[in-house]
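dropping the sequence and predicted coords here.
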Amino acid sequence: MKYHFQKALYLVVFACSFSAHAGSFDDFFRAVRGDNASGVSDLIKRGFDPNTKDEKGQTGLLIAMREPSPRVIEVLIASPKTNVEARNAQDESPLMMAALKGQQDIVAKLMARDADVNKPGWTPLHYAASGGNVEIMRKLLEAFAFIDAQSPNGTTPLMMAAMYGSSDSVKLLLDEGADTAMKNQQGMTALDFAQRGRRPDAVGLITAAMQAKPVARPPATPVDKPAATEGKW
């Protein structure tokens, strides 16, 4: 009898706990989508894990970045419990999303949380170059973002800037030493990207950079000196 009572009590406690968690789950993601910063903050203080994923596998920070929910983004980045390196189904990090959208303040706060500037594959610098935001690109480069990072298909930030970014983004990468000779898996260079994107400004900048590079010359062949003639006189 005692065993059955304890089992029943356990089931009641478990049911209440599950119900409370389910309620918190719904409340959290409702608050994230509604940009309810105080609601999100209260739930985290009460022990809710901000890295919990919704039914589609997205964390609160990724959803807030997508919506966007700017006040919730601030709360989540400020919480030491939040994993700022969570990725969506496309392997995009919050830093990549902020870099693409030109959100300088969010980029700065994510980097202050040690968000990875050199993740394998597509990087925040690729995304910043696509968006053409020079200030974000400069901040990433100052944090030692690899300027010639290659995506899974070999595309570099300069290629993305050449097709999608601004003239200033192309110029910055060239000034910082981006390699104009690199090719992706389709054999395309940054100049090819600029031409395909119908970007005469980028074509001009890249062409000028290529022409300005010193031409590598083969080492000079030493001239053999004639052997001294013995008994010349």
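Sure, I can see it.

distance of the residue nearest in space to the middle of the chain relative to residue 191?
Central residue of the chain (CA atoms, centre = their mean): residue 124, 2.3 Å from the mean position. Using CB to CB, to the nearest Å, we find residue 124 at a distance of 24 Å from residue 191. Heads up, the C-betas are built off the backbone N, CA and C, glycines and all.

skipping adjacent residues, who's closest to residue 157 in space?
Spatially, and ignoring its direct neighbours in sequence, residue 157 is nearest to residue 129 (4.1 Å; CB to CB, 6 or more residues apart in numbering).

so the one you found, which state does it fall into?
Three-state call for residue 129 (DSSP: H, G, I helix; E, B strand; the rest coil): helix.

confidence score at it?
pLDDT for residue 129: 99.

show me where the chain has its helices.
2-33, 37-45, 60-66, 70-78, 94-101, 104-112, 124-131, 134-142, 157-164, 167-175, 190-196, 200-212 (DSSP state H).

tell me which of these sits most buried.
Mean neighbours per residue, mean count of other CB atoms under 10 Å, is largest over these for helix 157-164, with a mean of 28.

between helix 124-131 and that helix, find me the angle.
Calculated by axes from the mean of the first three to the mean of the last three CA atoms, to 10 degrees, helix 157-164 forms an angle of 20 degrees with helix 124-131.

contacts for helix 157-164?
Residues outside helix 157-164 that contact it (CB atoms under 8 Å, 6 or more residues apart in numbering): 123, 125-126, 128-132, 137, 147-149, 169-170, 173-174, 178-180, 182, 184, 188-191, 193-194, 196-197, 199, 202, 206.

report the distance from it to the chain centre.
Relative to the chain's own centre, helix 157-164 is displaced by 15 Å; criterion: CA atoms, centre = their mean, to the nearest Å.

next, the angle helix 200-212 makes with that helix.
Using the same axes, to 10 degrees: helix 157-164 against helix 200-212 is 140 degrees.

picking that back up, out of the helices of the chain, flag the one nearest residue 87.
Between residue 87 and those, the shortest separation by CB to CB is 7.9 Å, and it involves helix 60-66.

who are the packing partners of the closest one?
With contacts taken as 3 or more CB pairs under 8 Å, 6 or more residues apart in numbering; DSSP states H and E, helix 60-66 sits against helix 2-33, helix 70-78, helix 94-101.
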